[in-house]
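# need a 3D model of the sequence below.
(one chain, ligands or ions: 7)
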Amino acid sequence: MEFAVRKRLLRPVSLFSVSFLTMVFVVLYSLQGNYKKRMIFPVSQHKRASRSVWHNVTAADFIRNMTRKRFLTCRHFLPYSYPATKSSEFRTEKQCTRRSPVGHYRTCAIVGNGGILLSSGCGMKIDSNEFVIRVAHSPIESFEKDVGQKVNLTVVNDVFLGKLQKKGIDPNWLRSRNNSIISYVLNHNNNLKTLNDVVRKSHLNITITNSKYPTRALVRKFWNDTRKTFLEVPTAGLITYTLASTFCDVITLYGFYPFGQDWNNRTLLYHYYQSGLAKIFFDKNKLHDYPSEHKILKSLHNLKALKMVTDVCT
Ligand SMILES: *[C@@H]1O[C@H](CO)[C@@H](O)[C@H](O)[C@H]1NC(C)=O
Ligand SMILES: *[C@@H]1O[C@H](CO)[C@@H](O)[C@H](O)[C@H]1NC(C)=O
Ligand SMILES: *[C@@H]1O[C@H](CO)[C@@H](O)[C@H](O)[C@H]1NC(C)=O
Ligand SMILES: *[C@@H]1O[C@H](CO)[C@@H](O)[C@H](O)[C@H]1NC(C)=O
Ligand SMILES: *[C@@H]1O[C@H](CO)[C@@H](O)[C@H](O)[C@H]1NC(C)=O
Ligand SMILES: *[C@@H]1O[C@H](CO)[C@@H](O)[C@H](O)[C@H]1NC(C)=O
Ligand SMILES: *[C@@H]1O[C@H](CO)[C@@H](O)[C@H](O)[C@H]1NC(C)=O
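Ligands and ions are numbered 1, 2, ... in the order given. Modelled structure (predicted):
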């Protein structure tokens, strides 16, 4: 554990010295007039360096140290079983960690549903992350260019489970989640059993997890205590970020933008896959405090503890 942390802290130093040496070479070569970009700056290295330009390891570690004091990853991602069996219990932290399908990842994308993603062309950037987390309904099919196609974990909410109970589930959607994890990160919903039955019958390789702890209340308390922001009902998006900060080193958020227009005055849809206008929905929403949540995430973005993408990807 300690070794891993130390290794991580050392990384920026080596990256720094690599870029410093590169700079020296660039200057020397260009002085000689035979500067060749590819020779001294291999593409792969350039990619790594450019990814870390925005990321501040210290700031991200600081957040992680805080969230880890209150959230143990495995406790919020335990394999679901019905009826609850002895095997879903655990005595030690080690046992808990061994049971959870969620590990630790270097780079994670959290893909929200915001209309800001439409025509973003961010698909490839999203898929370049080691671990891709998607929130709620989010279809992938026919939106690949903007939202990517990789999916490792989907965090479903009460709305999703309610719809499933009433209308069933789209088999194409479920198939798109083959070889991944579907998580309900709150601790109780009767409809989870329905989801579990459907997945069992589908013969797809999908692991369902839920939490043994009152995650929403813990998230509410966390941001109230650390940012003095009281959120009566934190969104699935913010809950997902809060939990992901315990198991991802570098986090990029996509589709998190609760406004009617983007910075370029483009009118946005509420969801990238629906025709309703964002403004109408956000104006009438009384359940979630989107502006305050956005303020929190924006301040973490400014500290470079995370990156919130609200523009097209080039
Ligand atoms: C990284 O974040 C830490 C803590 O917020 C800050 O002290 C430091 O100056 C930042 N480093 C850079 C290069 O921005
Ligand atoms: C985070 O915690 C680790 C381990 O306790 C510590 O070494 C590190 O300095 C902390 N980092 C920050 C930025 O607080
Ligand atoms: C994430 O999912 C993709 C398929 O969508 C898979 O190829 C990859 O191995 C998964 N990564 C992890 C870390 O599980
Ligand atoms: C689901 O993934 C497995 C590989 O783990 C594959 O054998 C199977 O054909 C896939 N099912 C569907 C319906 O795509
Ligand atoms: C089932 O999916 C998990 C990811 O959730 C993957 O690690 C595992 O290899 C898959 N199993 C099979 C048999 O494909
Ligand atoms: C939120 O924090 C304030 C202090 O900043 C405290 O008085 C209040 O009880 C907290 N509320 C909850 C629900 O934790
Ligand atoms: C967006 O609209 C505002 C107010 O109507 C205007 O002041 C601003 O210049 C516009 N921005 C762009 C990029 O068109």
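# for this structure, which segments count as strands?
Assigned by DSSP state E, the chain shows strands spanning 78-79, 105-111, 131-135, 153-155, 180-184, 206-210, 248-254, 307-309.
# against residue 242, how distant is the most centrally placed residue in the chain?
For the chain, the residue nearest the mean C-alpha position is residue 110 (2.3 Å; C-alpha atoms, centre = their mean). Here residue 110 is placed at a distance of 11 Å from residue 242 (C-beta to C-beta, to the nearest Å). The way it works is simple: take the backbone N, C-alpha and C, and place the C-beta from them, glycine included.
# swap in residue 128?
24 Å.
# ok, the two, which is more surrounded?
Legend: neighbour count by other C-beta atoms under 10 Å for residue 128 and residue 242, higher for residue 242 (23 against 15).
# from what I see, that one and residue 219 are in contact.
Yes - counting by C-beta atoms under 8 Å, residue 219 is a contact partner of residue 242 at 5.1 Å.
# who touches both of the two?
Between them, residue 242 and residue 219 share these contacting residues under C-beta atoms under 8 Å, 6 or more residues apart in numbering: residue 234.
# could you list the domains of this protein?
Per automatic domain parsing, the domain ranges recorded for the chain read 2-52, 57-309.
# residues contacting residue 134?
110, 111, 140, 151, 153, 154, 155 are the contacts of residue 134 under C-beta under 8 Å, 6+ apart.
# now, among the residues you listed, which is nearest to ligand 3?
Using C-beta to the nearest ligand atom, the shortest approach to ligand 3 within those belongs to residue 151, at 5.3 Å.
# so that closest one is in contact with residue 177, correct?
Yes - taking C-beta under 8 Å as the definition, residue 151 is a contact partner of residue 177 at 6.3 Å.
# number of residues surrounding the residue nearest to residue 93 when sequence neighbours are not counted?
Spatially, and ignoring its direct neighbours in sequence, residue 93 is nearest to residue 72 (6.7 Å; C-beta to C-beta, 6 or more residues apart in numbering). By the criterion of other C-beta under 10 Å, residue 72 has 16 neighbours.
# what pLDDT does the model give residue 72?
Confidence at residue 72, expressed as pLDDT, is 94.
# what of residue 201?
Residue 201 carries a pLDDT value of 95.
# quick one: residues contacting residue 145.
Applying C-beta under 8 Å, 6+ apart, we find residue 145 in contact with 121, 123.
# residue 303 now?
With C-beta under 8 Å, 6+ apart, residue 303 has these contacts: 56, 59.
# roughly how far apart are it and ligand 5?
32 Å (C-beta to the nearest ligand atom, to the nearest Å).
# then residue 230?
Taking C-beta to the nearest ligand atom, one finds residue 230 at 36 Å from ligand 5.
# quick one, helices of the stretch 1-150 of the chain?
Under the criterion DSSP state H, counting those that start in this stretch, the stretch 1-150 of the chain contains helices at 2-32, 37-40, 43-52, 57-70, 73-76, 93-99, 123-127, 144-147.
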